[in-house]
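J.: Predicted model, plus sequence, below.
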Amino acid sequence: MASNESDLILEMKNIDMFFPGVKALKDVTFNLKKGEIHSLMGENGAGKSTLVKVLTGVYQKTNGSIRFDGEIIEPKSPKESQEMGISTVYQEVNLCSNLTVAENIFIGREPRGKFNQIDWQTMNKNAKQLLHDELGIDIDVTKVLDFYPVAMQQMIAIARAIDTKCKILILDEPTSSLSDRETERLFQIMRNLKNMGISIIFISHFLEQIYTICDRVTILRDGTYVGAYDLKELPRIQLISKMMGKEIKEDEIEAVVDKSVPEKENFIETDNVTVPGKVKDLTMNIKKGEVVGFGGLLGSGRTEIAEMLFGITEKTQGTIKVDGVEVSVKSPMDQMKNRLAFCPEDRKLAGIIGDLSVRENIILAMQAKDGMFKHMPRHKQNELADYYIDLLRIKVSDREQLIKNLSGGNQQKVIIARWLATEPNLLILDEPTRGIDVGTKTEIEGLAVRLAKEKRMSVVFISGEMGEMVRTCSRILIIRDHEKITELNGDEISTAHIMQAIAGDYHGQA
């Protein structure tokens, strides 16, 4: 959508950002109108944060131009961009928790009296008046920031931005830790700021919120510019399609593997489970001998639910049952004892230990489960390693080869082997095929189905590739905004239906 130059407060053109070996932004355009609320959207890794960091001087762009309020700018630091009139409020509030509210609002700009001493009385009075007049908030500004909840801290950060005379306010995932009531209060403040002529860049994964509060959206994908759209003219299913780079057809149904579920008995159940900011009021079950998919956009909460099930994060409410018995889950070790296993999304960071051998990587989980004082004999280690190298057809010179020297696909197989060695009843596979070749992908998809069908194992399969989910899963839970919104079963499962469900447009078959 074209805009008159006089309407624009910000024009970013042909922005490139190179890191060693990585082109994070490629010829990106971003235009912001005066007095509008504009969403910057894209899946994780699309380039949103990088673009904001270029604008705010954290990174210096490799190529392109930035025109702000009619002038070409080259911000060299966040302080410099703030002085120009560009302020950012992050998901993690970047204020000083040990200072008072007033000190945080005026830090570096404190009113001074005689002998250049801070005029505390004036500072406290001005802070109180600012919060009341601009945001409708009445609090004790002499209390330290930590006294107040995160929602209030964000309001205080916004008040500071307003008082620095910002013309652009960037809100980066501001609602992730807010209640519905706190979110609505923030939205009212955003509307007030818009009426004052302040332009707002709103970054969020919450589709409902985007359509509630924003005027336009710019979509990035893989570091490139997809387009800018008026949200009133962009159906949600089209927004999802543009983010994912896949246009769908209503009749798009893929061929699938056998999806029959041999068991009716649940292995794991959750009832109204919540992890603040990560999982919202989750009620679900996973049956014995089925492959269940978690479908949703990156950042929707799929991984967070998996981590909760495995005990990486601890719930604050709700119940979890394993084999019909309510369990207390404080750590992954608790769930390992309950025969759960988890192959994480980032195999480099959270999966492999590069300087250990294939054998050592395979026996890690078994050894941890048995405890450090019950050392596994070397011959047993060798037997386990050789068994899974053969079973999963892991391409190695021998079991003592360093895992860092294997291909990504073979590293992934070693991680799966590690957890299969613990003989789990539930195996969670988070993006198990990312970055590996097509042949190995097919092997891992087939393995998930065989484990469920032949070993009666429950499998959770998380993938951003819809085709994989369709081929592999007998049931798919649709996750959006950190909660389960619906599920698809059997013949309902197709790429079209998954994407419609994510967008909130699928209402089941007639």
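T.: Nice, thanks for sending it over. Treat the numbers as computed from the prediction; the structure is a model and nothing was measured.

J.: For residue 105, give me its contacts.
T.: The neighbours of residue 105, taking Cβ atoms under 8 Å, 6 or more residues apart in numbering as the test, are 127, 130, 141, 156, 159-160, 163. To be clear about C-beta, it is placed using only N, CA and C from the backbone, and glycine gets the same treatment.

J.: Output those as a markdown table; include the columns distance to residue 374, secondary structure and pLDDT.
T.: Below are the contacts of residue 105 laid out as a markdown table (distance: Cβ to Cβ, whole Å; DSSP: H, G, I helix; E, B strand; the rest coil; pLDDT from 0 to 100):
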| residue | distance to residue 374 | secondary structure | pLDDT |
| --- | --- | --- | --- |
| 127 | 60 | helix | 93 |
| 130 | 62 | helix | 90 |
| 141 | 58 | coil | 93 |
| 156 | 52 | helix | 89 |
| 159 | 57 | helix | 87 |
| 160 | 55 | helix | 86 |
| 163 | 61 | helix | 84 |
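
J.: now these in CSV, with neighbour count and distance to residue 21?
T.: Listed next are those as CSV, based on neighbours: other Cβ atoms under 10 Å; distance: Cβ to Cβ, whole Å:
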residue, neighbour count, distance to residue 21
127, 24, 46
130, 20, 46
141, 24, 48
156, 25, 40
159, 23, 41
160, 22, 38
163, 17, 42
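
J.: wait, which of those residues is closest to residue 277?
T.: Set against residue 277, the nearest of the contacts of residue 105 by Cβ to Cβ is residue 156 (19.0 Å).

J.: The closest one contacts residue 148, doesn't it?
T.: Yes: proximity of residue 156 to residue 148 meets the contact threshold set by Cβ atoms under 8 Å, at 7.4 Å.

J.: Check the contact between residue 276 and residue 315; I expect there is one.
T.: No: counting by Cβ under 8 Å, residue 276 sits too far from residue 315 to count as a contact (9.4 Å).

J.: how near is the closest residue to residue 67 other than its chain neighbours to residue 83?
T.: Using Cβ to Cβ, 6 or more residues apart in numbering and skipping residues adjacent in sequence, the residue nearest residue 67 is residue 11, 4.3 Å away. Residue 11 sits 20 Å away from residue 83, going by Cβ to Cβ, to the nearest Å.

J.: So which of those two has more stuff around it?
T.: Between residue 11 and residue 83, counted using other Cβ atoms under 10 Å, residue 11 has the larger neighbour count: 17 against 12.

J.: secondary structure class for that one?
T.: When classified by DSSP: H, G, I helix; E, B strand; the rest coil, residue 11 comes out as strand.

J.: that older thread, neighbour-wise, which of residue 276 and residue 315 wins?
T.: Taking neighbours as other Cβ under 10 Å, residue 276 and residue 315 compare with residue 315 leading, 20 against 15.

J.: Would you double-check that the more buried one falls in a strand?
T.: No: assessed with three-state DSSP, residue 315 is coil; it does not lie in a strand.

J.: was I right about it contacting residue 328?
T.: No: the criterion here is Cβ under 8 Å, and residue 315 misses it with residue 328 at 10.0 Å.

J.: ok, and the closest non-adjacent residue to residue 282?
T.: Nearest non-adjacent residue to residue 282, counting by Cβ to Cβ, 6+ apart: residue 273, 4.6 Å away.

J.: Phi and psi next, for that neighbour.
T.: Dihedral angles of residue 273 (phi, psi; degrees, to the nearest 10) stand at phi -80, psi 130.

J.: same question, the one 3 residues further on
T.: Note on residue 276: backbone dihedrals following degrees, to the nearest 10 are phi -50, psi 130.

J.: How much space separates it from residue 150?
T.: 10 Å.

J.: you'd agree residue 123 is up against residue 100?
T.: No: using Cβ under 8 Å, residue 123 is not in contact with residue 100; the gap is 9.1 Å.

J.: Common neighbours of residue 156 and residue 148, please.
T.: Residues touching both residue 156 and residue 148 (Cβ under 8 Å, 6+ apart) are residue 101.

J.: other SSEs contacting the helix or strand containing residue 65?
T.: Using DSSP states H and E, residue 65 sits in strand 63-68. Packed against strand 63-68 by the contact rule (3 or more Cβ pairs under 8 Å, 6 or more residues apart in numbering; DSSP states H and E) you find strand 8-19.

J.: Listing partners with orientation, what would you give for the strand it packs on?
T.: Using DSSP bridges, the strands paired with strand 8-19 are strand 22-33 (antiparallel), strand 63-68 (antiparallel).

J.: how far does it sit from the chain's center?
T.: The chain centroid and the centroid of strand 8-19 are separated by 24 Å under Cα atoms, centre = their mean, to the nearest Å.

J.: Buried ones in it, by neighbour count?
T.: For strand 8-19, a neighbour-count test (16 or more other Cβ atoms under 10 Å) marks 8-12, 15-17 as buried.

J.: so what's the residue nearest the centre of the chain scoring on pLDDT?
T.: Per Cα atoms, centre = their mean, the C-alpha nearest to the average position across the chain is that of residue 299, at 2.7 Å. Per-residue pLDDT puts residue 299 at 79.

J.: now residue 100
T.: Residue 100 is assigned 94 on the pLDDT scale.

J.: Check which helices and strands the helix ranked longest in the chain sits against.
T.: Determined from DSSP state H, the single longest helix within the chain is helix 438-455. Packing partners of helix 438-455 (3+ Cβ pairs under 8 Å, 6+ apart): strand 291-295, helix 408-420, strand 426-430, strand 458-462, helix 466-472.

J.: distance between the ends of stretch 449-463?
T.: This stretch, stretch 449-463, spans 15 Å end to end (Cα to Cα, to the nearest Å).

J.: contacts for stretch 497-510?
T.: For stretch 497-510, using Cβ under 8 Å, 6+ apart, the contacting residues are 207-208, 235-237, 239-241, 244, 246, 248, 295-297, 300, 466, 469-470, 476, 478, 480, 485-486, 488, 491-492.

J.: Neighbours of residue 434, how many?
T.: For residue 434, using other Cβ under 10 Å, the count is 15.

J.: sorry, that was for residue 384
T.: The burial count assigned to residue 384 is 20, neighbours taken as other Cβ under 10 Å.

J.: Next, the contact list for the nearest residue to residue 312 once chain neighbours are set aside, please.
T.: The shortest distance from residue 312 to any non-neighbouring residue, by Cβ to Cβ, 6+ apart, is to residue 332 (5.9 Å). Neighbouring residues of residue 332 by Cβ under 8 Å, 6+ apart: 310-312, 342.

J.: and if you look at residue 113?
T.: By Cβ under 8 Å, 6+ apart, the residues touching residue 113 are 119, 122.

J.: now the closest residue to residue 302 other than its chain neighbours, which residues is it bridged with?
T.: Leaving aside its sequence neighbours, residue 302 sits nearest to residue 294 (Cβ to Cβ, 6+ apart; 4.2 Å). For residue 294, the beta-bridge assignment (DSSP bridges) gives partners residue 462, residue 477.

J.: Could you measure from residue 294 over to residue 152?
T.: For residue 294, the distance to residue 152 equals 33 Å [Cβ to Cβ].

J.: repeat for residue 322
T.: Taking Cβ to Cβ as the measure, residue 322 and residue 152 are separated by 38 Å.

J.: Comparing the two, which residue is more hemmed in?
T.: Between residue 322 and residue 152, residue 322 has the larger neighbour count (other Cβ under 10 Å), namely 21 against 18.

J.: Apart from its neighbours in sequence, what residue is nearest residue 18?
T.: Nearest residue to residue 18 in three dimensions, chain neighbours excluded: residue 62, at 4.5 Å (Cβ to Cβ, 6+ apart).

J.: since we're on the one you found, how many residues are nearby?
T.: Residue 62: 14 neighbours (other Cβ under 10 Å).

J.: just residue 264 next, same as before
T.: Residues contacting residue 264 under the criterion other Cβ under 10 Å number 9.
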